[in-house]
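A.B. asks: I would like to see how this sequence folds:
(4 chains)
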Number of protein chains: 2
Amino acid sequence: MTGEVPDRRRSSARSREALLEAATELFSERGYDRTTIREIGERAGVDAALISRYFGSKALLYVAVLRAEHGDTAPEDLLTGPRLREVAERAERRGPVPLLRVAVQSSSDQAAQDAARAALQARLVEPLRARFTREGRDRPGLRADVLVASVAGVLLARHSGAFDDLADADLDAIVDVLLEAWGDS
Amino acid sequence: MTGEVPDRRRSSARSREALLEAATELFSERGYDRTTIREIGERAGVDAALISRYFGSKALLYVAVLRAEHGDTAPEDLLTGPRLREVAERAERRGPVPLLRVAVQSSSDQAAQDAARAALQARLVEPLRARFTREGRDRPGLRADVLVASVAGVLLARHSGAFDDLADADLDAIVDVLLEAWGDS
DNA sequence: TCACCGTGTCATCATGCGATGACATCGCTT
DNA sequence: AAGCGATGTCATCGCATGATGACACGGTGA
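C.D. replies: As a prediction, this is how the structure comes out:
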């Protein structure tokens, strides 16, 4: 074990990080509205009141989650083919990514909604649209929207409890079915 | 106009019906959790307290909505091909059918969740799976789940406010894109 | 006409939520 | 060691929600 010795002293940075991570998981699992700041605090092992101090509000924490989630990787670029696998795998690791939720479910807080929408467009829809345009497909915008919405539906459905086979299947099988439908050009 | 003369006298049947219709619309637009009984009452032009009297609770009203929605038509049978158009058109008329929401988003009330799940399976997933099995497709169960989840994602996304082209496009165009992907065998 | 039961209205309760401020505690700096 | 700012804890506020019971109203039959 060459891991760092965890610094047990107080640290706002550590608390912030713990809250961010817990919030990412919970927003992924249950969506914005059904996640409470008390749950976030509990999972993070941190008092929920610190959310207000470090992020300002639940909505701003949500925005921070969206930013953090995409700050560490390159843009998705494309959903099709190998990229689809990347997106799906990320959803696998952290639950059905908060970003994808906004595709299907509007949240009660307008600021959270707007931020998520902007991120979704910039990270997934726009690159896809650009690609379809480049390839000369007709209705590239609509096609991009439909593809993103489909993928969001499938990845979210996996954890909704409404499907058996989808919940049990491993990710590769799911991606295979999607690619078979949409082609992996 | 050969329509019935609307009976303006008091009538529990009329109130029940008004509540049921308003609830169907609102559950469609916003999902179970984000719809309040006060909103339902307001849209129905009926006091919200009557929900408790006539349906027992918000959750039971939701169950009644699911039943009513599918009581008047034959089973969906299949999602592909012309049937896809039927499902989509119904979603168009009444907003993104409450049934489809459960595919992607679990609700806070367990009874509501279970009822919706059962209806979704019986009405959409099972018939589709049976068809795929009959046709000898591999992984028919998974394939059915993925297709239903995709369609749910797209139809819900149309009203989520996260997509522009999808919101503006007319239904036929959307169905065309879906059919192009999944084939309309 | 009157009494009664179905129907509608309203006030209110209990609960859970996000938010906030007062206070306690820690640990660095001097 | 003392002082002080940073960090953590707790109680509580205001608000929205689902639910419920008390009461008012109305029309229908005796």
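A.B. asks: what is the neighbour count of A:S28?
C.D. replies: Number of residues near A:S28 (other CB atoms under 10 Å in any protein chain shown) recorded here: 23. Placement of C-beta: from N, CA and C, glycine included.
A.B. asks: that one reaches A:V97, doesn't it?
C.D. replies: Yes: A:S28 is within contact range of A:V97, at 6.0 Å (criterion: CB atoms under 8 Å).
A.B. asks: show me what residue of chain A gets nearest to chain B.
C.D. replies: Using CB to the nearest CB, the single residue of chain A nearest to chain B is A:G153, 1.9 Å away.
A.B. asks: and that residue, backbone torsions?
C.D. replies: Per-residue torsions, A:G153: phi -60, psi -50 (degrees, to the nearest 10).
A.B. asks: for the residue lying closest to it once chain neighbours are set aside, give me its contacts.
C.D. replies: Nearest in space to A:G153, with sequence neighbours left out and distances taken as CB to CB, 6 or more residues apart in numbering or on different chains, is B:G153 at 1.9 Å. If a contact means CB atoms under 8 Å, 6 or more residues apart in numbering or on different chains, then B:G153 has A:103-104, A:149-154, A:156-157, B:103-104 as its contacts.
A.B. asks: by neighbours, which of those wins?
C.D. replies: Highest neighbour count within the contacts of B:G153: A:A152, with 33 neighbours (other CB under 10 Å).
A.B. asks: tell me the contacts of it?
C.D. replies: Contact partners of A:A152, counting by CB under 8 Å, 6+ apart, are A:100-101, A:103-104, B:104, B:153, B:157.
A.B. asks: how about 7 Å then?
C.D. replies: Contacts for A:A152 were tallied using CB atoms under 7 Å, 6 or more residues apart in numbering or on different chains; they are A:100, A:103-104, B:153.
A.B. asks: element containing it, please.
C.D. replies: helix A:140-157 (DSSP states H and E).
A.B. asks: what's downstream of that helix, the next helix or strand?
C.D. replies: Next helix or strand after helix A:140-157 toward the C-terminus (DSSP H and E): helix A:165-168.
A.B. asks: that following helix packs against which elements?
C.D. replies: Contact analysis of helix A:165-168 by 3 or more CB pairs under 7 Å, 6 or more residues apart in numbering or on different chains; DSSP states H and E lists helix B:140-157 as its packing neighbours.
A.B. asks: hmm, try it at 10 Å
C.D. replies: Judged by 3 or more CB pairs under 10 Å, 6 or more residues apart in numbering or on different chains; DSSP states H and E, the packing partners of helix A:165-168 are helix A:140-157, helix A:171-182, helix B:140-157.
A.B. asks: dump these to a markdown table, plus mean pLDDT and distance to B:K58.
C.D. replies: Below are the helices and strands packed on helix A:165-168 laid out as a markdown table (pLDDT from 0 to 100; distance: least, CB to CB, whole Å):
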| stretch | mean pLDDT | distance to B:K58 |
| --- | --- | --- |
| helix A:140-157 | 93 | 23 |
| helix A:171-182 | 88 | 34 |
| helix B:140-157 | 94 | 21 |
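A.B. asks: to B:A13, which of those lies closest?
C.D. replies: helix B:140-157 (31.1 Å; CB to CB).
A.B. asks: give me the angle between that closest one and helix B:171-182.
C.D. replies: 150 degrees (axes from the mean of the first three to the mean of the last three CA atoms, to 10 degrees).
A.B. asks: lowest-confidence helix or strand of chain A?
C.D. replies: Confidence across the helices and strands of chain A bottoms out at helix A:82-94, with a mean of 70, counting by mean pLDDT, DSSP states H and E.
A.B. asks: any idea how many residues pack against A:Q110?
C.D. replies: Other residues lying near A:Q110 total 10 when counted by other CB under 10 Å.
A.B. asks: same question for A:R16.
C.D. replies: Neighbours of A:R16 (other CB under 10 Å): 19.
A.B. asks: correct me, but it touches A:L50?
C.D. replies: Yes: counting by CB atoms under 10 Å, A:R16 touches A:L50, with 8.1 Å between them.
A.B. asks: mutual contacts of those two, please.
C.D. replies: Common neighbours of A:R16 and A:L50, counting by CB atoms under 10 Å, 6 or more residues apart in numbering or on different chains, are A:A44.
A.B. asks: setting aside sequence neighbours, what's the nearest residue to A:Y62?
C.D. replies: Nearest to A:Y62 is A:A112, by CB to CB, 6+ apart, at 4.5 Å.
A.B. asks: state the distance from the one you found to A:E29.
C.D. replies: From A:A112 across to A:E29, the span is 16 Å (CB to CB, to the nearest Å).
A.B. asks: what does chain A put close to DNA strand C?
C.D. replies: Taking CB under 7 Å from any atom of the strand as the contact definition, chain A meets DNA strand C at A:9-10, A:35-38, A:48-49, A:51-52, A:56-59.
A.B. asks: lowest pLDDT pick from those?
C.D. replies: Across the set of those, A:R9 stands lowest in pLDDT, at 66.
A.B. asks: give me every residue that touches the residue positioned nearest the centre of chain A.
C.D. replies: By CA atoms, centre = their mean, the mean C-alpha position of chain A lies nearest to A:V97, the distance being 2.1 Å. For A:V97, the contacting residues are A:24, A:27-28, A:65-66, A:69-70, A:87-88, A:90-91, A:103, A:120, A:152, A:155-156, by CB under 10 Å, 6+ apart.
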